[in-house]
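K.L.:
could you look at this predicted model? Sequence included:
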Amino acid sequence: MILSFHPCYVGDENRLCAGRDPDDDDIARMRAAKAVILPQGCRETLFNAAASSCPRVFPDYTARFAWPEKTGQSRMFAHYNTPRPVTAAFDCLADFNRQYNSNPAEAGFAFPFVFKYNGSGEGANVWLADTPDTFARLLARAADWEKTRQYGFVLQQYIETRGRSLRVAVVGNTLVSYWRIQPDNTGFQASAARGGRIDHTADPGRRAAGEELVLHLCRQTGINLAGFDLIFSENPAVRPSNTPLFLEINYFFGRTGLGGSEAFYRLLCAEIDKWIGQA
């Protein structure tokens, strides 16, 4: 029996667990299932219940919940020694102040550098700290966020990319890579959500290098549904130009570069079918 909690994938039995934790009846059905299919937006409680009740669960969100948010991802990249810009993660403002007395230079960062708040992806809550005043405002905002129990931020080396970033979408065993390119080739954010143009054909050598690096990390972590963001340095004095650098992982990612939502769900359902057939 295939048990699906995904509203777009039809199993032998379908259930919805949106906005709630799984109950005893959900868990009983998981234990009876041959495989469980989960939605991208599933809670950690739903994934943990499925993973502990059924030997086969798609997608594999072990890494997502073991290394949560931007701070967790930066530590995961360090754990697996993946190429990335110089990055430092802090669980709270007090953590940063205690270690470096509010001075980014003591943490090894010279202006400009990138400041990322924990939480949302697709370029949201990511800022360029180009002056001490800007950095002070970003720290003040972090203090305000902590009053609402939102904690954590990342400092990251600024890499000149000429307004380009590479998205590698992993859907089961299929990888789709494409560039997001800012129209004026400036700025440090190049997501489609920020107006980036999609290009599936440029720099095939770099795209292949990015795909190979993503595939290697997926084999290490088990990730099989996510959008990986990578960049390449346009300043060889900083980084070799053909070395892809990980920025972040989006487990709930945009579909524009995949042809839209309908095309994405067709691909997703086909990959789930193949995954089920591998048993």
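P.N.:
Looks like it came in fine. Residues are numbered from 1 along each chain as shown.

K.L.:
for the nearest residue to residue 41 once chain neighbours are set aside, phi and psi?
P.N.:
In this structure, residue 41 finds its nearest non-sequential neighbour in residue 252, 5.9 Å apart by Cβ to Cβ, 6 or more residues apart in numbering. Placement of C-beta: from N, CA and C, glycine included. Torsion angles at residue 252 (phi, psi; degrees, to the nearest 10) stand at phi -120, psi 100.

K.L.:
run a quick neighbour tally on residue 252.
P.N.:
Using other Cβ atoms under 10 Å, residue 252 is surrounded by 15 other residues.

K.L.:
what about residue 84, distance to residue 157?
P.N.:
9 Å (Cβ to Cβ, to the nearest Å).

K.L.:
what of residue 68?
P.N.:
22 Å.

K.L.:
helices along this protein, start to end?
P.N.:
24-32, 44-53, 62-66, 69-79, 93-100, 132-147, 204-221, 261-277 (DSSP state H).

K.L.:
buried ones in the longest one?
P.N.:
Spelled out, that is helix 204-221. 206-207, 209-211, 213-214, 217-218, 221 (16 or more other Cβ atoms under 10 Å).

K.L.:
with the fifth one instead?
P.N.:
Using 16+ other Cβ under 10 Å as the burial criterion, the residues of helix 93-100 that qualify are 93, 96, 100.

K.L.:
could I get those residues as JSON lines with distance to residue 55 and pLDDT?
P.N.:
Compiled in JSON lines, the buried residues of helix 93-100 are given as follows (distance: Cβ to Cβ, whole Å; pLDDT from 0 to 100):
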{"residue": "93", "distance to residue 55": "43", "pLDDT": "95"}
{"residue": "96", "distance to residue 55": "42", "pLDDT": "94"}
{"residue": "100", "distance to residue 55": "46", "pLDDT": "90"}
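
K.L.:
ok, so of those residues, who is nearest residue 62?
P.N.:
The closest of those to residue 62 turns out to be residue 96 (Cβ to Cβ; 28.7 Å).

K.L.:
and the nearest residue to that closest one once chain neighbours are set aside, how close does it get to residue 268?
P.N.:
Counting by Cβ to Cβ, 6+ apart, residue 90 is the residue found nearest to residue 96 once chain neighbours are left out, at 4.3 Å. Here the criterion is Cβ to Cβ. By it, residue 90 lies 35 Å from residue 268.

K.L.:
same check on residue 7?
P.N.:
Taking Cβ to Cβ, one finds residue 7 at 12 Å from residue 268.

K.L.:
out of those two, which sits in the busier spot?
P.N.:
Higher neighbour count among residue 7 and residue 268: residue 268, with 23 against 12, using other Cβ under 10 Å.

K.L.:
per-residue confidence for that one?
P.N.:
Looking at residue 268, its pLDDT is 98.

K.L.:
again, but for residue 186
P.N.:
Reported pLDDT for residue 186: 58.

K.L.:
check contacts around residue 176.
P.N.:
Residue 176 sits next to 168-169, 257-258 when contact means Cβ atoms under 8 Å, 6 or more residues apart in numbering.

K.L.:
can we see that at 10 Å?
P.N.:
167-170, 200, 211, 227, 257-259, 264, 267 (Cβ atoms under 10 Å, 6 or more residues apart in numbering).

K.L.:
thanks a lot, see you next time.
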